[in-house]
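Undergrad: how would this look folded up:
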Amino acid sequence: MNTRLRLQPLTAGDSTWSEEQSRQNFEVVSRLVTPNEPMKSRLLLHPLAPEAGGDPTHTGGKFWASQNDPEWQLIATWVGNTDSAATAPRRDSNDDGNRAGFASFRANVEPIFLKERPGHARCYGCHSEGNRAFHLGKLSAGSAVWTEEQSRLNFQNVLQLVTPGDPTSSRLLMHPLAPESGGEAFHSGGRQFASQNDPDFLKIAEWVKGLNLSDTTLANPSKVRIYVTNSAGNNVDVIDPATNKTVQTIDGIELPHGVVFSPDGSRVYISNESESILDVVDGSTGRILEKVPLGGHPNNLTITKDGKRVLVGIRENSGWLDVIDSATLKKTRSIPVSGPVHNVYVTPDGKYAVAGSIDAKNLTVVDLQSEQAVWSLDLRSGVRPMAFEANPDGSTKRIFAQLSGFNGFAVVDFAKHIEVERIKLPDKPGGYGVAEGRTGTPSHGIGVAPDNKSLWIASTAANAVFQYELPSLKLLGHVELPHVYPQGQKPSGSVPEWITFTPDGKVLYVSNSGDRSVSAIDTEKRQLVAIIPAGEVPKRINTMVVR
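TA: The predicted structure is shown next:
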């Protein structure tokens, strides 16, 4: 059944799951546990009797009368530290019900699914039947509303179809909207909303706009993974930030460059320099699903906010972006830009792509609606990694661009299309980069924290990561990175390349290409908390979040 813990159906005549099915079960079960903390794990608390510390209700009944049950203890041992589990604090299972997102959903959104619209079947009529991605609970006989427990499950399922704060990127709204009003091409339930001015559409859109990360996190726990491409190897490492351990290795991709993800995490897209292709990988198994030919030698890539287009930077001749349709996995067009592309990004509001060129020493901004370049800026040095600061309304305020031969970054006013400042990193710590042969890229790796309040920038010359306050760009401090110890020589730096964050911004990850490792840094304390082994010359690094 379509429950949170959904186990794969056994094949007719089988009494056990296949390995592939077990892997899928493992992925589902993993979302219901907090590593090392059994008493924070829904897998253990939901079927446990309330008097033994379990949740108040479980529609499947209470399987374990106490924590001494052998099965309970077996699972608790698998989850982690059972010695301290009994004293670990447990989240109140009603916390999510107290959230404004759930309360507003139940009061304003849920009734729309039961509403009779002229000429249309109710949403409930279709979505309470079968194993649909959007599944509504079955009303009890004689009942006109859902119970609170059913509403919680409805809430969880609906959240999988929305992008908090962004109605037009939310399948819940765009799938039943008429195509001529901006909706998807086809909805088997019909065109429930003729336009975006429909009162019910507006009501759901207002709810989506008001959602925040805390609403979605409590109702629908996330799976977070850190992907790092080993640029001189033939694989990609996948790190679980809960344990800072490598939990998967994707093999068979020689010279992987960039990595991005579909919004639901079902697919991983990796630009492959060796074969000049886009590798499409199953997000659960790590198996290569498709190899999409590109028009030239690729470097980095990005994906649109709705997940419908993958943009691959081509570093050849005059340079262009190959556009890949994620539904058909076919190249739909190539967008010319000003110079061979090294990196490409989508802006925070999803309206533009920004391509940077080392060779042409400029950046180019592409309108994603028209798929045409709209402006470019000469920065007089090769453009390397970039990061973006957003305005309160989500639009792009500034671009921070790292440059060849400069230990710092350029500041670009996005609205005015001009460079307004160039900030040099401190001289101390310093003294690295010469022995490592990286004087041409003294500063590499940059990112704006998820809360938009700080900018983090890595430096090969300093073998450190610096933190700047936003919007003031005041230097707050730095964190030194690991050293490499060549035999018979003085220690060298780890040659940082790229950075990424956990969704809550509490941990920053840096790929150390010279040390074959990834550093995990506590951003609040500015302290190194883990060094995670990686493959040959780890470089591009990115965070996948699946809810």
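
Undergrad: strands along the stretch 201-350 of the chain, start to end?
TA: Assignment of strands within the stretch 201-350 of the chain using DSSP state E, counting those that start in this stretch yields the ranges 223-230, 235-240, 245-251, 256-261, 267-272, 277-282, 288-293, 298-303, 309-314, 320-325, 330-336, 343-346.

Undergrad: for those strands, give me JSON lines that also has mean pLDDT and distance to residue 429.
TA: Bear in mind the C-beta positions are built from the backbone N, C-alpha and C, glycine included. Supplementary listing: the strands of the stretch 201-350 of the chain in JSON lines, determined by pLDDT from 0 to 100; distance: least, C-beta to C-beta, whole Å:
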{"stretch": "strand 223-230", "mean pLDDT": "94", "distance to residue 429": "24"}
{"stretch": "strand 235-240", "mean pLDDT": "96", "distance to residue 429": "26"}
{"stretch": "strand 245-251", "mean pLDDT": "94", "distance to residue 429": "29"}
{"stretch": "strand 256-261", "mean pLDDT": "97", "distance to residue 429": "29"}
{"stretch": "strand 267-272", "mean pLDDT": "97", "distance to residue 429": "33"}
{"stretch": "strand 277-282", "mean pLDDT": "96", "distance to residue 429": "38"}
{"stretch": "strand 288-293", "mean pLDDT": "95", "distance to residue 429": "41"}
{"stretch": "strand 298-303", "mean pLDDT": "98", "distance to residue 429": "28"}
{"stretch": "strand 309-314", "mean pLDDT": "98", "distance to residue 429": "32"}
{"stretch": "strand 320-325", "mean pLDDT": "97", "distance to residue 429": "37"}
{"stretch": "strand 330-336", "mean pLDDT": "96", "distance to residue 429": "41"}
{"stretch": "strand 343-346", "mean pLDDT": "98", "distance to residue 429": "26"}
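
Undergrad: what's the most buried one of the ones you listed?
TA: Among the strands of the stretch 201-350 of the chain, the stretch with the highest mean neighbour count (mean count of other C-beta atoms under 10 Å) is strand 309-314, at a mean of 26.

Undergrad: other SSEs contacting that one?
TA: With contacts defined as 3 or more C-beta pairs under 8 Å, 6 or more residues apart in numbering; DSSP states H and E, strand 309-314 has these neighbours: strand 267-272, strand 298-303, strand 320-325, strand 330-336, strand 343-346.

Undergrad: rerun at 10 Å
TA: strand 256-261, strand 267-272, strand 277-282, strand 298-303, strand 320-325, strand 330-336, strand 343-346, strand 352-357 (3 or more C-beta pairs under 10 Å, 6 or more residues apart in numbering; DSSP states H and E).

Undergrad: by mean pLDDT, point me to the weakest helix or strand of the chain.
TA: Using mean pLDDT, DSSP states H and E, helix 82-85 stands out as the lowest-scoring helix or strand of the chain, at a mean of 34.

Undergrad: quick check: next helix or strand after that one?
TA: Proceeding N to C from helix 82-85, the next assigned helix or strand is helix 100-104, under DSSP states H and E.

Undergrad: average model confidence for the very next helix or strand once past that next one?
TA: Next along the chain after helix 100-104, taking DSSP H and E as the criterion, comes helix 110-114. Helix 110-114 shows a mean pLDDT of 94.

Undergrad: hang on, isn't residue 452 packed against residue 469?
TA: No - using C-beta atoms under 10 Å, residue 452 makes no contact with residue 469, being 11.3 Å away.

Undergrad: the more surrounded of those two?
TA: For residue 452 and residue 469, the more surrounded residue by other C-beta atoms under 10 Å is residue 452, and the numbers stand at 18 against 12.

Undergrad: for the helices and strands packed on strand 309-314, give me TSV that also has distance to residue 114.
TA: Output for the helices and strands packed on strand 309-314, formatted as TSV (distance: least, C-beta to C-beta, whole Å):
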stretch	distance to residue 114
strand 256-261	35
strand 267-272	34
strand 277-282	37
strand 298-303	36
strand 320-325	36
strand 330-336	40
strand 343-346	37
strand 352-357	40
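
Undergrad: right, so of those, which gets closest to residue 492?
TA: The closest approach between residue 492 and any of those, judged by C-beta to C-beta, belongs to strand 256-261 at 24.6 Å.

Undergrad: now that closest one, how far from the chain's geometric center?
TA: Mean C-alpha position of strand 256-261 versus that of the full chain (C-alpha atoms, centre = their mean, to the nearest Å) differs by 12 Å.

Undergrad: same check, this time on stretch 33-48
TA: 24 Å.

Undergrad: measure that stretch end to end?
TA: 14 Å (C-alpha to C-alpha, to the nearest Å).

Undergrad: and what of stretch 303-316?
TA: By C-alpha to C-alpha, the extent of stretch 303-316 from end to end equals 20 Å.

Undergrad: from now on call the first residue 54
TA: I'll keep to 54 as the first residue from here, and by that count the last item is stretch 356-369.

Undergrad: gap between it and the chain center?
TA: 15 Å.

Undergrad: same question, stretch 456-466
TA: With C-alpha atoms, centre = their mean, you get 26 Å for stretch 456-466.

Undergrad: then stretch 404-421?
TA: 22 Å.

Undergrad: endpoints of it, how far apart?
TA: First-to-last residue span, stretch 404-421, C-alpha to C-alpha: 6 Å.

Undergrad: please identify the buried residues of it?
TA: 404-419, 421 (16 or more other C-beta atoms under 10 Å).

Undergrad: low-confidence ranges in this structure?
TA: 54-55, 110, 112, 134-153, 183-186, 265-275, 600 (pLDDT under 70).

Undergrad: now with 50?
TA: 134-151, 266, 269-273 (pLDDT under 50).

Undergrad: and the helices in it, which stretches?
TA: 72-83, 95-98, 123-132, 135-138, 153-157, 163-167, 176-180, 201-212, 224-227, 252-263, 266-272 (DSSP state H).

Undergrad: closest to residue 313 out of those helices?
TA: Closest among these, using C-beta to C-beta: helix 224-227, at 18.9 Å.

Undergrad: pull the CA atoms of the closest one into CSV?
TA: Written as CSV, here are the backbone C-alpha positions of helix 224-227 (Å, rounded to 0.1, in the frame of the first residue of the first chain):
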residue,chain,number,x,y,z
ARG,A,224,3.6,19.8,-9.8
LEU,A,225,0.5,20.0,-7.5
LEU,A,226,-0.5,23.2,-9.3
MET,A,227,1.0,22.9,-12.7
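
Undergrad: list the contacts for residue 548?
TA: Residue 548 makes contact with 485-486, 489-491, 494, 497-498, 511, 513, 516, 534, 537, 564-568, 590, 592 under the criterion C-beta atoms under 10 Å, 6 or more residues apart in numbering.

Undergrad: can you rerun that using 8 Å?
TA: 489, 491, 513, 565, 566, 567, 568 (C-beta atoms under 8 Å, 6 or more residues apart in numbering).

Undergrad: go ahead and confirm the fifth one touches residue 588.
TA: I take that to be residue 566. No - in this structure, residue 566 is not within contact of residue 588 by C-beta atoms under 8 Å, at 10.4 Å.

Undergrad: more crowded one of these two?
TA: Legend: neighbour count by other C-beta under 10 Å for residue 566 and residue 588, higher for residue 566 (25 against 20).

Undergrad: look up phi and psi at that one.
TA: With angles defined as degrees, to the nearest 10, residue 566 sits at phi -70, psi -30.

Undergrad: show me which positions of stretch 537-552 end up buried.
TA: 537, 545, 546, 547, 548, 549, 550, 551, 552.

Undergrad: in strands, which of these appear?
TA: For the buried residues of stretch 537-552, the ones inside strands are 537, 545, 546, 549, 550, 551, 552, with DSSP state E as the criterion.
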